[in-house]
Structures are given as structure tokens and as C-alpha cells.
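Student: With the input below, show me the fold.
(one chain, ligands or ions: 2)
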Amino acid sequence: MRILILGGDGYLGWATSMYFSNRGHEVHAVDNYFRRRAHREAGTDSLTPILPDLPSRAAAWKEVTGKEIAVTEGDLTDWDLVERVFREFQPEAVIHYGEQPSAPYSLIDRHKAVFTQQNNVINTLNVLWAIRDITPDAHLVKLGTMGEYGTPNIDIEEGYLEVEHNGRRDTLPFPKLPGSLYHCSKVHDSTNIHFATRVWGLRATDLNQGVVYGIETEETRLDPRLVTRFDYDEVFGTALNRFCVQAVIGHPLTVYGKGGQTRGYLNIVDTLQCVELATLNPAAAGEMRVFNQFTEQFSIMELAEAVRTAGRDVGIEVEVRHYDNPRVELEEHYYNARHTKLLDLGLQPHLLSETLVEHVFEVIGRHRDRVITTGIDPKIRWRPVHEAVSS
Ligand code: NAD
Ligand code: USQ
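Tutor: Ligands and ions are numbered 1, 2, ... in the order given. Below is the predicted model of the structure:
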């Protein structure tokens, strides 16, 4: 299959590009290196030493496996670039990771909030128009987020809710309560994608993904030059990845507030499996499928305890510390999200209890001299500082 991977230089995008190439698909990766620039500006960096750009990564991939990954360096908000890539490559599937992915980044200042929403919404709109006018049968596999739903006090369904109101029934998009301006951008995307399927008859799968953890995949293990990025800073690092680095360098685990915040989580190898299942089993024309893409739910304290236990097993004493929560979010809440559609398609989850957190420690340990400690403690606040309430 001809598969276009947008955001192919990122944490998930690079791993996905290699995964599909390794399985015989024709892969074309696009990225504008936004993520690399954002780290340079902030003085942070990937723990893993990644090659300097996509052409060198693709060349290393070719040398190791003999397989090709085609590359375009450019911005998805640039219509001319999007149009050219679609006309030349004629994708059958479009896997769209290419967005600003951080909730804290979207709340640093007005400029970054505006950037996040413009970047994410416009590039997805460009992709929808390109599919509509150039490759109308192509299937869009879009990375959304479980955070589109927030933490409502009812069970979370997969995308849609059957509603009875004043004696009438309908199946409608599940209500959204996004917790950051980044998460809001994903809701805006979902609305636009739904429109494009209903009105233009496009086919799309919105993957509402939980928080991803993990550092290695089958392909990254083939050669040190094929590593994917791995971040642990306040802005781009996600909870469990941060906790693992903190444990290895002897930094207290940064639990925000009470730590009862519960989310869906999945291993990066399951991201690859889920995206493959969605791609090989496309949505019908006119359909926007929504899959909740995670394998397990954990509270932050449960994650911290898992890391503390794993640390103890390898002789590392891990301190768990409660920080004033920089975010505005419920710290104790009901959370029960359905996630059966990917299992029905054949997903075989890799559970946290089977993942050797100790092994992750070992890989992090190899790169520990690269850790930049200044970016770890939380400084970005959801509310203006004079209004911040301590928990
Ligand atoms: P990432 O930042 O590593 O990857 C995104 C890539 O897209 C980056 O390489 C970036 O440079 C590129 N990009 C951004 N804007 C672009 C533009 N205008 N033109 C071209 N390229 C652009 O992030 P990630 O963690 O790999 O996440 C990938 C996707 O999955 C994102 O959409 C994110 O919202 C979503 N997601 C991630 C997680 C997670 O835990 N990592 C969980 C749920 C959803
Ligand atoms: N948290 C801590 N300590 C930390 C980091 C985070 O307690 O050091 C808490 C946060 O307060 C939050 C939870 O952990 O309650 C998750 O935070 P996160 O930073 O790991 O994840 P989040 O901001 O939600 O964003 C990440 C990805 C994003 C994706 C999202 C999936 O960066 O791209 O959309 O996970 S979800 O959470 O399901 O919306």
C-alpha cells in the first residue's frame, strides 16, 4: 500500500515509517522539524541521539534494511507543498501525526496557543482538501486524543453516544471537554473530519489515543542510528516516560497534585499495531470511525508506584513527590472509557505489567549523560500565576 506519513520525523511518526516500510509498504514521510526547533528554542533535547534530519534517517534505514523511505521536508500548512506531495505520491492511506502535540506548550503564551491551533487545524484542513480533490478514495488515519473527551462523570464511549432527548433518539458525537488548548485543537480537527466524511464522502478513522510510553520498537533495535526521539522535559515528555528518566537520574517523581488523575495508556509498540490495524481495515466511504486507542487505565499515583517498585528491583531508591498541580484538572474523578474496537480488529496488547520497566531504565541509563535537568520541573501554569490555586 502507498502510505503517506505526516509528522514522520516525530516520536511516533519515525517509528511508524520504519514499521510500515519493514512490512513491504511504500512509505513517504513528511515533516517540517517543528518539534526539533521547539526543543532548540527551549534548550531541551531528545534523550536518545537522533540523526540530524529525515534524509539521514532514511539513508541509515536503507543501509540497514535495503528498504526505502521517501522523504519530503516541508510544512503541512503550506497548501502548495501538500498538493504536490498528494499529486506525486497518490497515497492510498494517510497517517496523520503532524501536529503540535503538547498540552503545556499550548498554554505557554498567546503566541504558542495561536500557533498550536493554526498549525493543527490548518494542516488537517489542507489534508482533507487534498484527499477530496486529488485522492478521494484514500483513507485518513488521524491521530486524535483521549483528552478530547476530558473526564466526564459518565462512561466514555468510542466517539459516539446514543442519546434520548424529549422522547426522540439519535446517535451523536460524544460530548467533548478538552483540558488544554492543544486538546481543543484536536476537537476542532474531529469536527472538520466528521464534516468531510458526511458531506464529501471521505473515509476517515479518528484514533483517540491515550498517553504513549516506551522507547524501543522492533525496528529501532536494528541499529543505534534508527532510534526514535524520547523526551522527558516538562513540555513534551509524557507522564510515564518522564517518571522513568526521573527515577534513573535520582530526581523525585513529579506527581502533579494528588495524583488521582486517571488516563488511558499504551506502549509505543501498540501504537504501531493499532495504526496498522486501522490502516489495513479502512473505514467505508462517508464514514468517520472513532477508536479509543489505549490498552490500560492508570492513575498517576499507580504509575509512580509501578516505577518505584521497578526501581527497588534494580536497586534504585525512588522518591515520589507531590508538586502543586500546574494544570487545571480533576485530581480525583470517575473514569471508565470503552476501548474494544481495536481489540475486535485483533489488537494484542503489551501490558505495563509485562513491559520490563527495568529494561527501559537500562536504555535510559545508556544515555543518562545527555539528560538536561533544567527542563524537568513544571513551570507552565494553566491559569495566570496570580490566580493559581495550590492543591
Ligand atoms: P511529535 O511532536 O514527536 O510528532 C509530530 C511531528 O509532526 C513532529 O516531528 C513535528 O515536527 C511534525 N509537525 C508538526 N507540525 C507540522 C507541520 N505543520 N508540518 C509538517 N510537520 C509538522 O509527537 P508524537 O508524540 O509523535 O505525536 C504524534 C501525534 O500523535 C500527534 O498528533 C499527537 O497529538 C498524537 N498523540 C500523541 C500521544 C503521545 O503520548 N505521544 C498520545 C496521543 C496522541
Ligand atoms: N502528569 C503528572 N506529572 C508529570 C506529567 C504529567 O502528574 O510529570 C499528569 C498530568 O497532570 C496529567 C497526566 O499526567 O494529569 C497526563 O499528562 P501527560 O503530560 O503525560 O499527557 P497529556 O498532557 O495528556 O498529553 C499527552 C500527549 C498528547 C496526547 C495525550 C493523550 O503529549 O499528545 O494527546 O497525552 S491524553 O492524555 O489521553 O489526552
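
Student: Got the phi and psi for R2?
Tutor: phi -90, psi 110 (degrees, to the nearest 10).

Student: Contact residues of the stretch 51-200 of the chain facing ligand 2?
Tutor: Contact residues (CB under 6 Å from any ligand atom) of the stretch 51-200 of the chain with ligand 2: 101-103, 145-147. Where C-beta positions appear, they are placed from N, C-alpha and C, glycine not excepted.

Student: Give me the contact status of stretch 7-22 with ligand 2.
Tutor: No - judged by CB under 6 Å from any ligand atom, stretch 7-22 and ligand 2 are separated, with a smallest distance of 9.3 Å.

Student: now stretch 321-332
Tutor: Yes - for stretch 321-332 and ligand 2, the contact criterion (CB under 6 Å from any ligand atom) is met by 327, 329.

Student: Give the buried residues for that stretch.
Tutor: 322-323, 325-327, 329-331 (16 or more other CB atoms under 10 Å).

Student: count of residues packed around R338?
Tutor: For R338, the count of nearby residues is 12 (other CB atoms under 10 Å).

Student: er, V27 actually
Tutor: Neighbour count for V27, taken as other CB under 10 Å: 29.

Student: And E218, by the same measure?
Tutor: There are 12 residues near E218, going by other CB under 10 Å.

Student: tell me the SS of it?
Tutor: Under DSSP: H, G, I helix; E, B strand; the rest coil, the three-state class of E218 is coil.

Student: and the closest residue to N292 other than its chain neighbours, what are its phi and psi?
Tutor: The shortest distance from N292 to any non-neighbouring residue, by CB to CB, 6 or more residues apart in numbering, is to H339 (4.3 Å). H339 adopts backbone torsions of phi -150, psi 70, taken as degrees, to the nearest 10.

Student: so who does H339 touch?
Tutor: Counting by CB atoms under 8 Å, 6 or more residues apart in numbering, H339 makes contact with 158, 264, 291-295.

Student: Point out the ones among the residues you listed that are inside helices.
Tutor: Among the contacts of H339, no residue falls in helices (DSSP state H).

Student: Top of the residues you listed by number of neighbours, please.
Tutor: With neighbours taken as other CB under 10 Å, the top of the contacts of H339 is Q293, carrying 30 neighbours.

Student: what are the ranges of the helices in this structure?
Tutor: Going by DSSP H, the chain shows helices at 11-22, 34-42, 54-65, 79-89, 110-133, 181-200, 239-249, 268-280, 300-313, 341-344, 357-366.

Student: Pick the most buried one from those.
Tutor: Counting by mean count of other CB atoms under 10 Å, helix 11-22 has the highest mean neighbour count of the helices of the chain, with a mean of 26.

Student: distance between that one and the chain's centre?
Tutor: Distance of helix 11-22 from the chain centroid (CA atoms, centre = their mean, to the nearest Å) equals 13 Å.

Student: and that helix, is it in reach of ligand 1?
Tutor: Yes - counting by CB under 6 Å from any ligand atom, ligand 1 has neighbours in helix 11-22: 11-13.

Student: Which strands or helices does that helix pack on?
Tutor: Packing partners of helix 11-22 (3 or more CB pairs under 8 Å, 6 or more residues apart in numbering; DSSP states H and E): strand 2-6, strand 26-31, helix 54-65, strand 69-73, helix 268-280.

Student: Can you pull the residues of this structure lying near ligand 1?
Tutor: Counting by CB under 6 Å from any ligand atom, the residues of the chain that sit close to ligand 1 are 7, 9-13, 30-35, 75-77, 97-101, 119, 123, 143, 145, 209, 211-212, 229, 238.

Student: In the stretch 51-200 of the chain, what residue comes closest to ligand 2?
Tutor: Residue of the stretch 51-200 of the chain nearest ligand 2, by CB to the nearest ligand atom: G147 (2.4 Å).

Student: Grab the nearest non-local neighbour of that residue.
Tutor: The spatially closest residue to G147, leaving aside those adjacent along the chain, is H183, at 4.1 Å (CB to CB, 6+ apart).
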